[in-house]
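A.B. asks: Okay, sequence plus prediction incoming.
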Amino acid sequence: MLSILDRYFLRELGQTVAATAIVLLAIMSGTTFAQVLKQVANGSFPASVMFQVLGLNMLDSLSTLLLLAGFIGILLALGRMYRESEMHVLASSGMGPRGLLRPVALLALILALVVGVVSLWLGPWAAAKSSQVVAAANRSVIAAGLDAGRFTELPGKGGIILVDTLSRDGSQLGRTFIATERTGKDGVQQVKLITGTKGHLYQGSNGEDRYLSLDDGWQYEIPLGGDNWRRMQYQRNDTSLTNVQSDDDDDPAHTLDTFTLAHVDNADARAEFAWRTIAPAMALVLVMLALPMSRQSPREPRFGRLLLAVLGFYAYYLVLALCRGQISKGHWHHAGSLWAVSALVFALAVWLFQRQYAARKPRGGTA
């Protein structure tokens, strides 16, 4: 049964953590949106799947955002209580460290549960779904924004295409016109024009490459600044289309679900599994670390402790990232280093918290 004081702490801390998460989410959405726009401009993503990829990328990075939001939110909430002397009044009324630990521990468990769900299930699902969306764009020219009767830029700066009719699934094309520009072996820029009475889209034998087959048409190769044009009539002409790909590094382990990842024995899989499993423990460590770092005096600068706390967060996160890098390189073969660092930081936070509430020895006077 929660006391009135417990409910007060939970309400203040929960509201501040939620508000911090919303602010961080707005910042992260702007940064992620800029990255996706850059990929669209480079031809790596079709504009039609831009917002799907944006939302899935934000879900994938939600675990780190929640860790930072919980840490900063508790710092801000408790820091305000210290500056306004609420904590001093409560302490003088008989509230000991247990009175603060009980609601904070409950909030930490809730935060660890949410972070665990995101890290172990929702994040990998979002990463796999994003890869599926991009793969679906490779299998359909409709996903690349192709529409009948309109000039469309092919993904990856593959050229310009125009069709007069298009089937519902995007695989069958009517009269087609394609214009591309390339550099010849002699270093001269060439314009390549291809026309066809009909065409169809198909995948390569590896399931990844994409080709456009045109029937009964003409192909022109025109060197810029020259008069040695080449014209060829064909019955069938197969043209390779640039795949829609992300600018991010390919990480197959990141898209695997956690159960499958646990049974894969390679360095990348071990590093990814270790990072996912340590995320809920990181929430508990950061909440515990926020307790001693939030203590402030009324005259202390408002954001002085906050700056030191954020630097501490990134130092802890960076050490864990370095341990993960050693696992991914095959130098270490288990997640013991991540747990050891987390246990050390947690023990340090407990010692600092106990030291704050320890009874001070009176100074000895001289007779």
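C.D. replies: Thanks, I have the structure now.
A.B. asks: Under a three-state scheme, what state does the residue lying closest to residue 332 once chain neighbours are set aside occupy?
C.D. replies: Residue nearest to residue 332 in three dimensions, not counting chain neighbours: residue 326, with 4.7 Å by CB to CB, 6 or more residues apart in numbering. C-beta here means a position set from N, CA and C on the backbone, and glycine is covered the same way. Counting by DSSP: H, G, I helix; E, B strand; the rest coil, the backbone at residue 326 sits in helix.
A.B. asks: roughly how far apart are residue 326 and residue 318?
C.D. replies: Separation of residue 326 from residue 318 (CB to CB, to the nearest Å): 13 Å.
A.B. asks: for the protein, longest strand please?
C.D. replies: Secondary structure of the chain per DSSP state E: the longest strand is strand 210-223.
A.B. asks: tally of neighbours for residue 308?
C.D. replies: 12 (other CB atoms under 10 Å).
A.B. asks: so who does the residue lying closest to it once chain neighbours are set aside touch?
C.D. replies: Computed as CB to CB, 6+ apart, the closest residue to residue 308 that is not its neighbour in sequence is residue 293, at 7.0 Å. Contacts for residue 293 (CB atoms under 8 Å, 6 or more residues apart in numbering) come out as 75, 305, 308, 309, 312, 352.
A.B. asks: Quick one: residues contacting the residue nearest in space to the middle of the chain.
C.D. replies: Centroid check for the chain by CA atoms, centre = their mean gives residue 61 as the closest residue, at 3.4 Å. By CB under 8 Å, 6+ apart, the contact set of residue 61 is 28, 32, 123.
A.B. asks: Specify which member of those residues is nearest to residue 217.
C.D. replies: When the contacts of residue 61 are compared for distance to residue 217 (CB to CB), residue 32 wins out at 42.2 Å.
A.B. asks: Please look at that closest one and residue 54 and confirm they touch.
C.D. replies: Yes - between residue 32 and residue 54 there is a contact under CB atoms under 8 Å: 5.9 Å.
A.B. asks: all strands in the chain, in order from the N-terminus.
C.D. replies: Under DSSP E, the chain gives strands at 152-153, 160-163, 172-173, 176-183, 189-196, 198-203, 210-223, 230-241.
A.B. asks: next one: the longest one to chain centre, how far?
C.D. replies: Distance of strand 210-223 from the chain centroid (CA atoms, centre = their mean, to the nearest Å) equals 40 Å.
A.B. asks: try the first one
C.D. replies: Shown here is strand 152-153, whose average C-alpha point lies 29 Å from the average C-alpha point of the whole chain (CA atoms, centre = their mean).
A.B. asks: Point out where the stretch 101-250 of the chain drops to low pLDDT.
C.D. replies: Along the stretch 101-250 of the chain, segments meeting pLDDT under 70 span 135, 137-146, 154-158, 169-170, 184, 204-209, 241-250.
A.B. asks: Fine, thanks again, bye for now.
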